[in-house]
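Student: Take this sequence and fold it.
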Amino acid sequence: MRSDPRHDRQPAPAVAAASQRLICLLLALVTLVIYCPVRRHGFILYDDGDYITQNHIVQQGLTWAGVKWAFTTFFASNWHPLTWLSHMLDCELFGLDPGAHHLVNVLFHAANAVLLFVLLVRLTGATWAAAMVAALFAWHPLRVESVAWAAERKDVLSSFFELLSLWCYTRHARENHARDFYLAVLCFALALLAKPMPVTLPCLLLVLDWWPLGRFARCDLRFAISTQSGKRRAVPEAGAPGFWRLLLEKWPFFLLAAGSCVMTFLAQRTASILSLEQYPWPLRIGNALLSYARYLLKTAWPADLAVMYPLPEHLSWLLVAASGAGLAGVSWLAWRTRQRQPYLLAGWLWYLGTLVPVIGLMQTGKQAMADRYSYFPVIGIFLAVVWLAKDIAAQFQIKGRTLAMGAGLILAASAWMTEQQLSYWRDDESLFAHAVAVTRDNAAAEINLGIALEQRGLLAEALVHYRAALRLAPDSVEAHNNLANFLDAAGQTGAALDLYQAALRLNPNAPLAHCNLGTLLLKLGRFDEAMRQYQEAARLQPDNPPPYYLMGKALLRHGQTAEAIGQFRHAVALDQNDLQSLAFLARILAADENPKNRDGAAAVALAERANILAGGTQPFILDILAMALAEEGRFNEAQLTARKAQDLAAAAKLPDMAASIRQHLHTYAGGLPYREAFTNSLPK
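Tutor: As a prediction, the model looks like this:
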């Protein structure tokens, strides 16, 4: 068996180039065909709201304010400005068409498959083995989560630049062009700006220096056939740099990786990272060993894939020991065979190393593992397995036709399973119902399935899943909070009150539970208690607008309009894109009965901003803009705006709102602005 790819017999350059172009085309086309059903999929509850459907900054498209926000925000517990910019560009081009957003993910995934093929050909010269690895990567069902989930743009985008960085680095290593090295550094920076997971790329570059690039001066991975004995022996490549020189060469990569680690820690330190008290080291290490093994099993047999795998509170230490022993055994085998099959160790290190940032040693969130985390790491497994099969076929002289049939069957099975997995991502109900069916004790999936069913009006079914979530996670603030929200909406205020209070006993530092409890207390007429809850939420999250917005509404209802204006102004100062605060503040400044509280010019500016954020399609916002224009004496514009608002309300089948706007329109036609008393009559 000959492991140095330079010994592979290659076809004529023109024929090889033509076949490689054809493979690139087929990889891209088949990937697009497999994933074309996502064009009919919608957005989902889980994360798509933060990233797209409820993010008014992203929905504005590409703006200077949005660019500044993307580079300065830690929203969603991440710092990935390039990902934010890509979502903004989607909204600029396609609005909120979910199919278009999904198709952009598919295009990136297809491009990644082609890039991987081109990279492996350049690294090894083995065209058909590279094609098999790229096809397995592109069509394996474990990829579905990264591609079919709009919010996971960061996976496909960061991997695109990571593969580009590897390709540029390979050109540098082969041809020693400084330009290619700097391009590799630039692409690595862009990969980190899309997602911090590629921080281990500098170490991966050292692995590739080892095999197949063979850049170490003192190593046992360069092979030749002795003319005297006929035996294989290690031969260092003449003039190749040593390990320490190669390590020093990577300093720009390590510097960027360190900076990304700092930014990620700052983004996740308060909201996402679990403390050692919450999840101690033995559980972290045990779950990491299990996850390494489970990713391998799901790669080999991709069954029971789910959008979320709950973090276990108790582990089977027998399984942990078995997983650890299995991983140690594979590592030992890869090390022992490093001279004859160096690709085994290189692929194994690719897999182990690139999973380190998400394996759970620094535990963020309450997931044990995630299919999306395997997007880039399993390339190493595919590389090792395909090259091993290639060597075995050469040793036993297996015919090319037999190999092609076997590869075709494997790829066809992968594509079929990918189609099946894609079907679960068509909507929230099917996605979370599948997660509940294929996992155990999955409280988060139960909650999300309950929300999906509640949104469809299936209230009895939703209640079953909310109660199941609370039963599975009796110490979960989220489970208490969601069931309380449901019961409050159903008119069971007493039960809801008990659940909110129970949630705060579990975690007194939960701002959302304080806000929800305050809103319920306000509904019960307990104003002072409600204000204390809002104030506590504001104390816990002083930079978060909702508590100030809710205090503003409460003060407005209580007749303290001037104080309410102050709270709304504070919310807008914290977030100039807080649509609700903008709308309420504009309405008060435009229509309050007390002239001391009115400011027509400010109301117009606020209402116009709110209207831009809402895309000019919300009748409630347009109604407020008409009020502000009328306050400024711009009655013709007020009438035109009010008519548009009335038409939109009628089209949305909101007869009460349409009737209210019609009354406002008559007022403007008479040359009068609209006036309103807000006490105990808050606009909805």
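Student: Now the element after the helix or strand hosting residue 445, going C-ward?
Tutor: In this structure, residue 445 sits in helix 443-455 according to DSSP states H and E. Of the helices and strands lying after helix 443-455 in sequence (DSSP H and E), the nearest is helix 459-472.
Student: what's in contact with that next one?
Tutor: 436, 441-444, 446-447, 449-451, 453-454, 476, 479-480, 482-483, 486, 490 (Cβ atoms under 8 Å, 6 or more residues apart in numbering). Backbone N, C-alpha and C define where each C-beta goes, glycine included.
Student: how does it look with 7 Å?
Tutor: Helix 459-472 has contacts (Cβ atoms under 7 Å, 6 or more residues apart in numbering) with 441, 443, 446-447, 449-450, 453-454, 479-480, 482-483, 486.
Student: what two of those are the furthest from one another?
Tutor: Greatest spatial distance among the contacts of helix 459-472 (Cβ to Cβ): 441 and 454, at 21.6 Å.
Student: Which of these two has more residues huddled nearby?
Tutor: Using other Cβ atoms under 10 Å, the more surrounded residue of residue 441 and residue 454 is residue 454, with 20 against 13.
Student: Got the domain ranges for the chain?
Tutor: By the record's domain assignment, the chain is partitioned as 5-423, 568-684 (automatic domain parsing).
Student: Go through stretch 279-287 and flag the buried ones.
Tutor: By 16 or more other Cβ atoms under 10 Å, the buried positions in stretch 279-287 come out as 279, 283, 284, 285, 286, 287.
Student: Can you dump the C-alpha atoms of it in PDB for me?
Tutor: The C-alpha coordinates for stretch 279-287 follow below in PDB (Å, rounded to 0.1, in the frame of the first residue of the first chain):
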ATOM      1  CA  TYR A 279     -22.500  21.300  35.700                       C
ATOM      2  CA  PRO A 280     -19.400  20.000  37.400                       C
ATOM      3  CA  TRP A 281     -16.200  18.700  35.700                       C
ATOM      4  CA  PRO A 282     -17.000  14.900  36.000                       C
ATOM      5  CA  LEU A 283     -20.300  15.400  34.100                       C
ATOM      6  CA  ARG A 284     -18.600  17.700  31.500                       C
ATOM      7  CA  ILE A 285     -15.800  15.200  30.800                       C
ATOM      8  CA  GLY A 286     -18.200  12.200  30.800                       C
ATOM      9  CA  ASN A 287     -20.600  14.000  28.400                       C
END
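Student: starting at the chain centroid, how far to that stretch?
Tutor: Distance of stretch 279-287 from its chain centroid, counting by Cα atoms, centre = their mean, to the nearest Å, is 24 Å.
Student: ok, now stretch 41-59?
Tutor: When distances are taken as Cα atoms, centre = their mean, stretch 41-59 is centred 11 Å away from the chain's centroid.
Student: Tell me if I'm right that residue 628 and residue 600 touch.
Tutor: Yes. Counting by Cβ atoms under 7 Å, residue 628 does reach residue 600; the two are 6.3 Å apart.
Student: okay, and the common contacts of the two?
Tutor: Residues touching both residue 628 and residue 600 (Cβ under 7 Å, 6+ apart) are residue 590.
Student: In terms of neighbours, single out the busier of those two.
Tutor: Legend: neighbour count by other Cβ under 10 Å for residue 628 and residue 600, higher for residue 628 (30 against 18).
Student: so how far is the helix or strand hosting the more buried one off the chain centroid?
Tutor: Element membership for residue 628 (DSSP H and E) is helix 619-631. Centre-to-centre, helix 619-631 and its host chain are 37 Å apart (Cα atoms, centre = their mean).
Student: With stretch 358-366 instead?
Tutor: Computed by Cα atoms, centre = their mean, the chain-centroid distance of stretch 358-366 equals 15 Å.
Student: Likewise for stretch 369-376?
Tutor: The answer for stretch 369-376 is 11 Å, by Cα atoms, centre = their mean.
Student: Could I get the CA-only coordinates of it as PDB?
Tutor: Written as PDB, here are the backbone C-alpha positions of stretch 369-376 (Å, rounded to 0.1, in the frame of the first residue of the first chain):
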ATOM      1  CA  MET A 369     -24.500  17.700  21.600                       C
ATOM      2  CA  ALA A 370     -25.900  19.100  18.400                       C
ATOM      3  CA  ASP A 371     -25.900  17.700  14.800                       C
ATOM      4  CA  ARG A 372     -24.700  21.200  13.500                       C
ATOM      5  CA  TYR A 373     -21.500  20.900  15.600                       C
ATOM      6  CA  SER A 374     -20.400  18.000  13.400                       C
ATOM      7  CA  TYR A 375     -20.600  20.000  10.100                       C
ATOM      8  CA  PHE A 376     -16.800  20.600   9.700                       C
END
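Student: List the buried residues of the helix holding residue 445.
Tutor: Residues of helix 443-455 classed as buried by neighbour count (16+ other Cβ under 10 Å): 443, 444, 445, 446, 447, 448, 449, 450, 451, 452, 453, 454.
Student: Which strands and helices lie in contact with it?
Tutor: On a contact count with 3 or more Cβ pairs under 7 Å, 6 or more residues apart in numbering; DSSP states H and E, helix 443-455 meets helix 428-438, helix 459-472, helix 477-489.
Student: Give the helix, strand or coil label for residue 62.
Tutor: Using DSSP: H, G, I helix; E, B strand; the rest coil, the three-state assignment for residue 62 comes out as coil.
Student: What about it, how many residues nearby?
Tutor: Neighbours of residue 62 under the rule other Cβ under 10 Å: 15.
Student: who touches it in this structure?
Tutor: With Cβ under 7 Å, 6+ apart, residue 62 has these contacts: 88, 89, 92.
Student: quick one: it and residue 576, what's the gap?
Tutor: Applying Cβ to Cβ, to the nearest Å, the value for residue 62 to residue 576 is 17 Å.
Student: My understanding was that residue 294 contacts residue 368; is that so?
Tutor: No. Checked against Cβ under 7 Å, the pair residue 294 and residue 368 is beyond contact range at 8.3 Å.
Student: What's the end-to-end length of stretch 166-183?
Tutor: This stretch, stretch 166-183, spans 10 Å end to end (Cα to Cα, to the nearest Å).
Student: can you list contacts of that stretch?
Tutor: Outside stretch 166-183, the residues within contact range by Cβ under 7 Å, 6+ apart are 115, 118, 119, 122, 123, 184, 187, 205, 213, 215.
Student: ok, back up a step: in a markdown table, list the buried residues of helix 443-455 along with pLDDT and distance to residue 253.
Tutor: Listed next are those as a markdown table, based on pLDDT from 0 to 100; distance: Cβ to Cβ, whole Å:
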| residue | pLDDT | distance to residue 253 |
| --- | --- | --- |
| 443 | 94 | 40 |
| 444 | 94 | 36 |
| 445 | 96 | 38 |
| 446 | 96 | 43 |
| 447 | 95 | 41 |
| 448 | 95 | 38 |
| 449 | 96 | 43 |
| 450 | 96 | 45 |
| 451 | 94 | 42 |
| 452 | 95 | 43 |
| 453 | 95 | 48 |
| 454 | 94 | 48 |
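Student: for the residues you listed, which one is nearest residue 539?
Tutor: residue 447 (26.8 Å).
Student: any idea how far residue 51 is from the residue positioned nearest the centre of the chain?
Tutor: The chain has residue 152 as the residue nearest its centroid, 3.5 Å off, counting by Cα atoms, centre = their mean. Taking Cβ to Cβ as the measure, residue 152 falls 9 Å from residue 51.
Student: Quick one: classify residue 509 as helix, strand or coil.
Tutor: Strictly by three-state DSSP, residue 509 counts as coil.
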